[in-house]
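S.K.: give me coordinates for this.
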Amino acid sequence: GASSRGYLPPTLLIAAVGLGGGATQLEGEAQAGAFFGGGALVLTALLIWLRQRLRRPSLAQPQALSLVGLAARNARRYPSRTLLSVALAAVASFLIIALSAFRLAPTEQGTGGYDLIATSDQPLHFDLNTSDGREELGFQSKANKSLAGIEIASFRIQGGEDASCLNLYQTAQPEIVGVPPSFGEKGATTPTFGWSASASLQSSAHTNWAVLQVDLGNDDAGQPIVPMVLDKNTAAYSLHLGGIGSQLTIEDGYGQPVTLEIVGLLSNSVLQGKVMIGEAHFLRLFPDTSGHQLFLIRKDSSEVAIDQLSTLLETQLEDYGFDAVSAEEQLAGFLAVQNTYLSTFQSLGALGLLLGTLGLAIAQLRSILQRRGEIALLRSSGFRRSRLAELVLGENAVLLIAGLGIGTVAALVAVLPHYFLQAAGTPWKTLLVLLAAVVVAGLLAGWLAVRAAVKAPIVPSLRGD
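M.R.: Prediction:
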């Protein structure tokens, strides 16, 4: 009955709170999806509450009747039409704003806490982390000392096809990276990469990167299975692999097949597109590959600015084809692929909302035609055309603002928690521009209804009434 339906909005709100609380224990798209679901429940609750309010009989007499109050009371004359108009604006604005919860922004977990990521065309055979190594590579005394507080993680690389999201084609032989056993050890240089999933370890004293040292046994050909770590997007979209335990077959340096098995997945990392295995396995599979060609660089205690550090390394190592870029910018380039898709859907949603305002104008025109006798009576009673125009425009504005308000409130429930957890890159300015455009378009649509209302001849309308 009606009493049981009255409990529905509070029940949905409680469910939204529970879903939001559970979302704090999730990560990535799962967390964004949970917050989105919570916002959808709030949207549903508000629309049901509005429907109940519109259908409730009003027995109270108004103390004063302003044009705004009259416009609001007129919205209750046709509850179904009013609810449809409000719901159209609410759902569209909710989708436009709530989709921002899925937008991604570079984070420290994505860059691992490193400032620069660099590659070299020629392998470096000396350690950039040590003064002696830099001296062997041609660094002069002053440049050598300026790098004293820099931390550099160096990796071996076996070239292959690009397996990042920037490559539209499936990769058969991806780039292989040899990760040294010291990478990820507890200490000042411990990377802070975020993990989507990782195989369990016997000792909790190890970090996630220690999974590259686990023994996975042999494959069907009797060869050792090599543990590998991937970015989850590389695994899912480029290599079409599943989660932990999925296997990939590549060719080693001798052209023989080798089985790799996923033991860890990074979450939206700057290492997207790379297949990472332990250095010991790398040297066994690719013995002809020498030196290091991939570098993660952290400024740490050095007083050198990031841009100066990049320029210094590229200048000193120019003969090696050394190229250093901002880790945050490179990660933003990877994330831009997903964000571009979201921007496309938001633009389509905004277009749909703009078209929906035309539907609102049509609904208002129909309402005017049904009430032409009433409006003619008001004009004959002394109401000026400008006052009637304000009345009709006010009715349109009440419905539009109510819809946008409900949709925005529900969307903020989805976006704000994700935003404060620093997992979303919400384009607030763009969203405000879109909503402002919708308001302007809605008022213009209402103006069309106003013109039809105030230009209708009085006498025929009164006779028709």
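S.K.: could you pull out the strands for the stretch 301-450 of the chain?
M.R.: 323-326 (DSSP state E, counting those that start in this stretch).
S.K.: helices of that one, start to end?
M.R.: 306-316, 327-370, 372-380, 385-420, 428-454 (DSSP state H, counting those that start in this stretch).
S.K.: ranking those helices by burial, who's on top?
M.R.: Ranked by mean neighbour count, those are led by helix 385-420 with a mean of 21 (mean count of other CB atoms under 10 Å). (Glycine included, C-beta is placed from N, CA and C.)
S.K.: related to what we said a few turns ago, nearest to Ser267, out of the helices of the stretch 301-450 of the chain?
M.R.: helix 327-370 (11.5 Å; CB to CB).
S.K.: if you average pLDDT over that closest one, what comes out?
M.R.: Helix 327-370 comes out with an average pLDDT of 75.
S.K.: swap in stretch 86-94?
M.R.: What stretch 86-94 shows for mean pLDDT is 82.
S.K.: what does it rub up against?
M.R.: Residues outside stretch 86-94 that contact it (CB atoms under 8 Å, 6 or more residues apart in numbering) are 39-40, 43, 46-47, 50, 349-350, 352-353, 356-357, 359-360, 399-400, 402-404, 406-408, 410-411, 435, 438, 442.
S.K.: check whether Ile157 sits in a helix, strand or coil.
M.R.: At Ile157 the chain is in strand, as set by DSSP: H, G, I helix; E, B strand; the rest coil.
S.K.: give the contact list for the residue lying closest to it once chain neighbours are set aside.
M.R.: Take Ile157 and drop its neighbours on the chain: the residue closest to it by CB to CB, 6 or more residues apart in numbering is Gln293, 4.4 Å away. Contacts were defined as CB under 8 Å, 6+ apart; by that measure Gln293 touches Thr119, Ser120, Asp121, Gln122, Pro123, Leu124, Phe155, Arg156, Ile157.
S.K.: the helices of the stretch 301-450 of the chain into JSON lines, with extra columns for distance to Gly6?
M.R.: As requested, the helices of the stretch 301-450 of the chain are exported to JSON lines (distance: least, CB to CB, whole Å):
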{"stretch": "helix 306-316", "distance to Gly6": "59"}
{"stretch": "helix 327-370", "distance to Gly6": "28"}
{"stretch": "helix 372-380", "distance to Gly6": "33"}
{"stretch": "helix 385-420", "distance to Gly6": "18"}
{"stretch": "helix 428-454", "distance to Gly6": "31"}
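S.K.: so which of these comes closest to Gly242?
M.R.: Closest of the helices of the stretch 301-450 of the chain to Gly242 is helix 327-370, at 19.9 Å (criterion: CB to CB).
S.K.: how about the helices of the stretch 301-450 of the chain, which one is nearest Phe102?
M.R.: Phe102 sits nearest to helix 327-370 of all the helices of the stretch 301-450 of the chain, at 5.7 Å, using CB to CB.
S.K.: avg pLDDT for the helix or strand that contains the residue nearest to Ile157?
M.R.: Assigned by DSSP states H and E, Gln293 falls within strand 292-298. Averaging pLDDT along strand 292-298 gives 92.
S.K.: show me how far that strand is from its chain's centre.
M.R.: Chain-centre distance of strand 292-298: 28 Å, with CA atoms, centre = their mean, to the nearest Å.
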